[in-house]
Every structure is written in structure tokens, then in C-alpha cells.
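Novice: sequence isn't available, so here's the structure alone:
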């Protein structure tokens with residue numbers, strides 16, 4: 001029995017499954033970049049993972065991921081990924097045609113896809129055509145679980161990074177306070193010495 005993927009609910013699930021595949025491609029290539037570039041890439045991934053149930057937003061999210069993967073395959077980071085992504089609101093609407101025109105031959109050689117808009121979408125449909133409804137539901141559930149695990153790991157990492165930044169800030173404040181006390185101490189001593197000289 002063939003499954004029907006024309007419903008809105010299944011379409012939403014497939015775009016999420018597609019995005020999980022894209023995240024995997026990004027993760028595979030992360031070690032090829034400097035720490036600074038990795039932090040920028042992670043900022044984009046974090047905001048691309050912002051939850052949404054709107055198909056248009058999911059398509060746009062996946063286009064950003066494809067654009068980023070093309071950069072990573074060619075081992076260069078270009079706009080807009082040269083800057084940190086601070087919020088999901090930083091994402092503008094991308095054109096499928098423009099993103100497709102930017103993709104390099106290396107991208108197609110490594111990723112081996114023909115359709116840009118639905119990365120892995122047709123592949124998932126073909127793989128699921130001969131599966132039972134129970135197997136399809138299990139596949140979708142596992143994909144959602146993996147996505148949630150990935151999101152939770154990202155959240156934990158962000159919390160840890162924020163804690164590290166906070167601790168570093170506290171250290172800087174303590175150092176500044178010590179330096180301020182030393183400077184004030186020197187100023188007081190100088191004033192006392194000047195006052196003593198004036199009395200003489």
C-alpha cells in the first residue's frame with residue numbers, strides 16, 4: 001500500500017526531515033573551519049532551528065541551510081554567513097532560483113541532488129512508497145526525536161557558552177575593581193604626600 005504524501009501534515013513533516021539531513025551535512029564539515037567561523041555558523045544554525053509550523057518559513061530555512069552547505073563545501077564563508085545571526089528575524093526571504101544559480105558543481109557532486117527547493121524530499125518519498133503506514137510513522141517519529149535531541153544539545157551548548165561568558169565577565173569586573181582600588185590607593189597616597197609637603 002502506497003502512502004499519500006500530499007496532505008499538509010505530511011508535507012510539514014518532510015520539510016523537517018529534510019532539515020535534519022541538512023544539519024547533518026553542516027555538522028560533517030564543521031571541523032574544516034576556524035573557531036571564529038564555527039561560532040558564526042553555529043549562530044546561524046541556532047536561529048534556523050527556531051520552531052515553526054509554517055511551510056513557507058520551513059522552505060526558507062532549508063534554503064539558508066543549502067546556501068550555507070554550498071559555502072562549506074567550497075571551504076569559504078560568504079555573506080550573509082560572515083556575520084553572526086542574532087535572531088530568526090534576521091532571516092530575509094530567499095529565492096529558490098537565486099540560491100540554485102549560486103550552487104557550485106562541487107555542491108552537486110557531493111550532495112548528489114537534482115532538486116534544490118526540496119533537498120532530499122523526493123528521495124524520502126521514494127524510500128517510503130513501499131513501506132507500511134506503521135513503518136512510515138516510526139520513521140517520522142525517529143526523525144522528530146532526533147531533531148528534538150539536536151535542538152536540546154544546541155540549547156545546552158548555548159547555556160554553557162553564556163555561563164562561560166558570564167564567568168569571564170565576572171573575572172574582568174573583579175580585575176577592574178582591584179586595579180581601581182590600586183589606582184585610588186596611589187592617588188590617596190600622592191594627595192597625602194602633597195599635603196605633607198605643603199605643611200612643610
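Specialist: Noted; the coordinates are in hand. On a predicted model such as this, the values are computed, not experimentally measured, just so you know.

Novice: which helix or strand contains residue 86?
Specialist: Residue 86 belongs to no helix or strand when elements are defined using DSSP states H and E.

Novice: name the nearest residue to it, sequence neighbours excluded.
Specialist: residue 43 (7.3 Å; CB to CB, 6 or more residues apart in numbering). To be clear about C-beta, it is placed using only N, CA and C from the backbone, and glycine gets the same treatment.

Novice: buried set for stretch 20-40?
Specialist: For stretch 20-40, burial by neighbour count (16 or more other CB atoms under 10 Å) applies to 21, 22, 23, 25, 26, 29, 33, 37, 40.

Novice: could you work out the end-to-end span of that stretch for me?
Specialist: 19 Å (CA to CA, to the nearest Å).

Novice: residue 104 and residue 75 touch, don't they?
Specialist: No - with contact defined as CB atoms under 8 Å, residue 104 does not reach residue 75; the gap is 11.0 Å.

Novice: need the per-residue pLDDT for residue 123.
Specialist: Residue 123 carries a pLDDT value of 46.

Novice: any low-confidence regions in this structure?
Specialist: By pLDDT under 70, the low-scoring segments of the chain are 1-13, 112-158, 183-189, 192-200.

Novice: quick one: the strands in it?
Specialist: Applying DSSP state E to the chain gives no strands.

Novice: tell me where the chain has helices.
Specialist: Using DSSP state H, the helices of the chain run over 8-29, 35-48, 55-73, 96-102, 105-111, 121-128, 133-199.

Novice: how far away is residue 167 from residue 111?
Specialist: Remark: distance between residue 167 and residue 111 (CB to CB, to the nearest Å) = 40 Å.

Novice: next one: residue 102
Specialist: 14 Å.

Novice: between those two, point out the one with more neighbours.
Specialist: Neighbour count, other CB atoms under 10 Å: between residue 102 and residue 111, residue 111 has more, with 18 against 15.

Novice: correct me, but that one touches residue 25?
Specialist: Yes - with contacts counted by CB under 8 Å, residue 111 reaches residue 25, the gap being 6.9 Å.

Novice: overlap in contacts, these two.
Specialist: Taking CB atoms under 8 Å, 6 or more residues apart in numbering as the criterion, residue 111 and residue 25 both touch residue 69.
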